[in-house]
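Participant: Attaching a predicted model along with its sequence, questions to come.
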Amino acid sequence: MDSPAPASGSADPAPARSGFDVSRRHLLMGVGMLAVAGVAYARTPKRRFPQISDEKFEALFPRSFGDWRLLPASELIMPPESELANKLYEHILTRSYINSQGTVVMFLAAYSSLQIDDVQLHRPEVCYRVAGFSIDSNVEHALKIDDKVQIPARIVVAKRALRNETILYWTRVGRNFPQGWSGQRWTMMTSNLEGYYPDGILVRASVINTGGNDIETLTQFYRALAQGSSAETQRLLYNT
C-alpha cells in the first residue's frame with residue numbers, strides 16, 4: 001500500500017548545513033582562542049635580571065673595607081635546610097668581619113635574580129625561630145647609609161640561652177624595600193603587572209652579646225661597606 005502524500009502546504013525539511021559553514025564556525029573559534037592566548041602571553045611577566053655566577057657574586061663583596069677585615073670563621077644562623085630553602089636563593093654569602101676594637105659583625109647576603117610566588121625571600125625571624133631563638137623585638141628602622149640613601153630596614157633582637165643577638169636587615173625586591181610579608185607580595189604583584197619578574201636580595205648583619213650600642217655598630221658597618229663597595233655592588237644592595 002502506497003504511503004500517504006504529504007499534506008498540502010507543509011514545510012520542507014531544513015537543508016543540511018554545508019561543510020563550509022562548520023569550518024567557518026571552527027575558524028572563528030580558533031581565531032578567538034589564539035587572540036586570548038596572545039594576550040595572555042603578552043601579559044606574562046618576563047625575566048629582567050640575568051643570573052650571576054657564584055664567583056662574580058662573591059667578588060661583589062669586599063673582603064676588607066674601612067676598619068673591617070674578614071675573619072675565617074662564621075657563626076651565622078642560616079635558613080633551614082630543605083628543598084624549599086634551596087629554591088629561595090641562587091646565592092647565599094656568609095662572612096664574619098672584625099674591626100680594630102675586636103667587635104665581630106656577622107654578615108649575610110642572599111640573592112635571587114627571579115622572585116615568583118613560590119620562591120620568595122626568607123626573613124630572619126623565620127630562621128631564628130627554627131634555630132630555637134625567641135624573638136624579643138622586631139621593629140621597623142630607617143637605616144641611613146649616606147645623605148642620598150636611606151633604607152627601610154628592620155631591627156630584630158633574638159635570644160637563646162647565653163646568646164643575645166641583634167640583627168639589622170633589609171630586603172630589596174625590585175625597586176622597593178618591603179618591611180613585611182604583605183609589602184613583599186604587593187611589590188611582586190605590581191612588578192608582574194608592569195611585565196617583569198623582580199630580583200630580590202636579603203641583606204643582614206648582626207652582633208652577639210656586645211653590651212654596647214649594637215645599632216650604631218651595625219649602622220657604621222653598613223656605611224663602611226657602602227663606601228668600600230663598587231657601583232655594581234651598591235646597585236645590588238641599594239638599587240642606586
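Facilitator: On my side now, so go ahead.

Participant: Quick one: end-to-end distance for stretch 126-139.
Facilitator: Taking CA to CA, to the nearest Å as the measure, stretch 126-139 stretches 15 Å from start to finish.

Participant: Check stretch 114-126 too.
Facilitator: 21 Å.

Participant: ditto for stretch 94-114
Facilitator: Start-to-end, stretch 94-114 (CA to CA) is 21 Å.

Participant: Helices of the protein, start to end?
Facilitator: Ranges of helices in the chain, per DSSP state H, are 19-43, 54-59, 83-88, 124-130, 181-193, 214-227, 231-238.

Participant: Can you flag the weakest of these by average pLDDT?
Facilitator: When these are compared on mean pLDDT, helix 19-43 scores lowest, with a mean of 49.

Participant: contacting residues for the residue lying closest to Leu71 once chain neighbours are set aside?
Facilitator: Distance criterion CB to CB, 6 or more residues apart in numbering; nearest residue to Leu71, sequence neighbours excluded, is Ser96 at 4.2 Å. (C-beta placed from N, C-alpha, C; glycine too.) Ser96 sits next to Leu70, Leu71, Ala73, Ser74, Glu75, Leu76, Val104, Val105, Met106, Phe107 when contact means CB atoms under 8 Å, 6 or more residues apart in numbering.

Participant: Please report how far Ser96 lies from Arg185.
Facilitator: Per CB to CB, to the nearest Å, Ser96 is found 32 Å from Arg185.

Participant: for Glu55, same thing?
Facilitator: 32 Å.

Participant: the more surrounded of these two?
Facilitator: Using other CB atoms under 10 Å, the more surrounded residue of Glu55 and Arg185 is Arg185, with 14 against 7.

Participant: Roughly how far does that one sit from Thr171?
Facilitator: 12 Å.

Participant: now swap in Leu60 and tell me
Facilitator: 17 Å.

Participant: and what of Ser134?
Facilitator: 22 Å.

Participant: and those two? which has more neighbours close in?
Facilitator: Thr171 (27 against 10).

Participant: if I pick that one, what's in contact with it?
Facilitator: Leu121, Arg123, Phe177, Pro178, Gln179, Gln184, Gly200, Ile201, Leu202, Val203.

Participant: and which of those residues is nearest to Ser100?
Facilitator: The nearest member of these to Ser100, counting by CB to CB, is Val203 at 23.6 Å.

Participant: Which strand residues bridge the closest one?
Facilitator: Ala109, Trp170 (DSSP bridges).

Participant: Do I have it right that it meets Ala109?
Facilitator: Yes. Assessed by CB atoms under 8 Å, Val203 is found in contact with Ala109 at 5.4 Å.

Participant: Please report how far the nearest residue to Ile92 once chain neighbours are set aside lies from Val139.
Facilitator: With sequence-adjacent residues excluded and distances taken as CB to CB, 6+ apart, Ile92 is closest to Ala110, at 4.6 Å. Per CB to CB, Ala110 is found 22 Å from Val139.

Participant: Going by neighbour count, which residues of stretch 161-179 are buried?
Facilitator: 164-174, 176-179 (16 or more other CB atoms under 10 Å).

Participant: what's the spacing between the closest residue to Leu60 other than its chain neighbours and Gln179?
Facilitator: Leaving out its chain neighbours, the residue that sits closest to Leu60 by CB to CB, 6+ apart is Thr233, at 4.5 Å. From Thr233 across to Gln179, the span is 22 Å (CB to CB).

Participant: I'm done for today, thanks for sticking with me.
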